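Participant: could you look at this predicted model? Sequence included:
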Amino acid sequence: MSHNLQQNPSADPALLLRYRDRQYAPEMLAVAIGKLNLFSWINARGSATTESIEQHFSLAARPLDVLLTLCRAGGLIRTASGRHELTALGREHLVDHSPWFLGPYYAPILDSPIAQGCLQVLQHDRPANWQASEDGNDWHASMMDEDFAKGFTDLMNCRGTAMGQVLADKTGPFLAGCKQVLDVGGGSGIYSSTLVAKHDHLRATVLEQAPVDRLTRDEILRHGLQDRIDVVQGNMFTDPWPSGADCVLLSNVLHDWDFPEIRTLIQKASAALPSGGRLIIHEAFLDDDKAGPLPVAEYSVLLVNITRGRCYCPAEYGAILADFGFDVGPYQDTIADRGFITAIKH
């Protein structure tokens, strides 16, 4: 077994990931300032509801939620009783008739491809095809191409080693009575690999679609864990899930999807688990008031541009988990602005 799965890093790579994860946030803000003139519009009314913003600017609900979360986390707006109003920072520097208006500072990036993509997502709720194959497919369709899937799986795998090691440590007590983890949409299998490497009593099964499942098998073999981790090929939405698991892991999966797909996956997790079975959701979480953390709000802008999802808060997942018979535990931090929530099936 590869030794690097058992030794945690001594330094948190959060800053290095933030440089890349925030790459869409400036353009999203530029669009709000220069294309929508959103802050001047809110200022003229004193405050505004999400619904009024959505209707006036003809924006889609999912990306608008991401934009408002970014503005809240950045200290540009505050939200109370369902109404958004500008802070002093937003009022002084983002309203077009203010003497300190910074709109021209964002003008050079206002028509960049990324900004155009952000506007497309805001208006049409469709990913802007960044990191997609050249034929215009979105990220999920692009993952069916083996070369693209290999590059993206490598990308996820390189950060997953550190994240998985800390996740394995922090979830140790929760997993003490478990024997079999089902890692749904597990990518390279890095999270299954770190879990079983740290916990001798665990076995795992990774459910992945082709062609990623072949890459998963290669990675597990590289770590020498092929005797403890199985790989099953299948579509997590349309195919039956492997039986026999007493823990389901959804690591960096749900944030790729909107609420209907999230409900489907949690319903399937509930059906796959026995009473007392356990569920772990691991990814980057917003605070329940969706006013931060800023790095996660920035990362959510990236997700809304390349996937069908965004970042969520524990309360949003908790409500769905409760609907499908789970008792939900508290959120816990891990490393690199990530964390997890746990749930136990009734």
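Facilitator: Good, I have the coordinates. Being a predicted model, the structure only gives us computed values, none of them experimental.
Participant: contact partners for the residue nearest to the spatial centre of the chain?
Facilitator: Most central in the chain under Cα atoms, centre = their mean is His255, positioned 3.4 Å from the mean C-alpha point. His255 is in contact with 283-284, 303, 307, 309-312, counting by Cβ atoms under 8 Å, 6 or more residues apart in numbering. The C-beta positions use only the backbone N, C-alpha and C, and glycine is treated the same way.
Participant: and the gap between it and Ser300?
Facilitator: Distance, His255 to Ser300, by Cβ to Cβ, to the nearest Å: 8 Å.
Participant: overlap in contacts of the two?
Facilitator: 284, 310-311.
Participant: okay, and the closest residue to Gln6 other than its chain neighbours sits in which element?
Facilitator: In space, and not counting its chain neighbours, Gln6 is closest to Ala197: 5.5 Å by Cβ to Cβ, 6 or more residues apart in numbering. According to DSSP states H and E, Ala197 maps onto helix 190-198.
Participant: packing partners of that helix?
Facilitator: Packing partners of helix 190-198 (3 or more Cβ pairs under 8 Å, 6 or more residues apart in numbering; DSSP states H and E): helix 146-170, strand 180-184, strand 203-208, helix 212-222, strand 229-233, strand 247-251.
Participant: make it 6 Å
Facilitator: Helix 190-198 sits against helix 146-170, strand 180-184, strand 203-208, with contacts defined as 3 or more Cβ pairs under 6 Å, 6 or more residues apart in numbering; DSSP states H and E.
Participant: relative orientation of that helix and helix 212-222 in degrees?
Facilitator: For helix 190-198 against helix 212-222, the angle between stretch directions is 30 degrees (axes from the mean of the first three to the mean of the last three Cα atoms, to 10 degrees).
Participant: which one of the helices and strands packed on helix 190-198 lies nearest to Pro127?
Facilitator: Taking Cβ to Cβ, helix 146-170 is the member of the helices and strands packed on helix 190-198 nearest to Pro127, at 14.0 Å.
Participant: quick one: mean pLDDT over that closest one.
Facilitator: For helix 146-170, mean pLDDT is 82.
Participant: numbering from 206 from now on, please.
Facilitator: New numbering, starting at 206: the last item is helix 351-375.
Participant: give me the residues contacting that helix.
Facilitator: 213-214, 338, 347-348, 392-393, 395-396, 399-400, 403, 416-417, 420, 487, 537, 539-540, 543 (Cβ atoms under 6 Å, 6 or more residues apart in numbering).
Participant: repeat the analysis, applying 7 Å as the threshold.
Facilitator: For helix 351-375, the surrounding residues in contact (Cβ atoms under 7 Å, 6 or more residues apart in numbering) are 209-210, 213-214, 218, 222, 338, 347-348, 392-393, 395-396, 399-400, 403-404, 416-417, 420, 424, 487, 537, 539-541, 543, 545.
Participant: any of those residues buried? List them.
Facilitator: Among those, those buried by neighbour count (16 or more other Cβ atoms under 10 Å) are 210, 213, 222, 338, 347-348, 392-393, 395-396, 399-400, 403-404, 416-417, 420, 424, 487, 537, 539-541, 543, 545.
Participant: quick one: least confident helix or strand in the protein?
Facilitator: Ranked by mean pLDDT, DSSP states H and E, the helix or strand of the chain with the weakest confidence is helix 344-347, at a mean of 58.
Participant: where does the stretch 306-455 of the chain have low pLDDT?
Facilitator: Residue ranges of the stretch 306-455 of the chain with pLDDT under 70: 333-355, 357-358.
Participant: the same query, at a cut-off of 50, please.
Facilitator: Flagging of the stretch 306-455 of the chain using pLDDT under 50 yields the residue ranges 335-341.
Participant: so where do the strands sit in the chain?
Facilitator: Taking DSSP state E as the test, the strands found in the chain are 253-254, 282-285, 288-291, 385-389, 408-413, 434-438, 452-456, 483-488, 531-533, 537-538, 544-550.
Participant: would you format the ones you listed as a markdown table with distance to Val236 included?
Facilitator: Formatted as a markdown table, the strands of the chain follow (distance: least, Cβ to Cβ, whole Å):
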| stretch | distance to Val236 |
| --- | --- |
| strand 253-254 | 17 |
| strand 282-285 | 15 |
| strand 288-291 | 17 |
| strand 385-389 | 34 |
| strand 408-413 | 35 |
| strand 434-438 | 40 |
| strand 452-456 | 31 |
| strand 483-488 | 25 |
| strand 531-533 | 35 |
| strand 537-538 | 31 |
| strand 544-550 | 29 |
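Participant: gap between the residue lying closest to Ile540 once chain neighbours are set aside and Arg223?
Facilitator: With Cβ to Cβ, 6+ apart as the criterion, Ile540 has its nearest non-adjacent residue at 4.3 Å, and that residue is Val371. Distance, Val371 to Arg223, using Cβ to Cβ: 17 Å.
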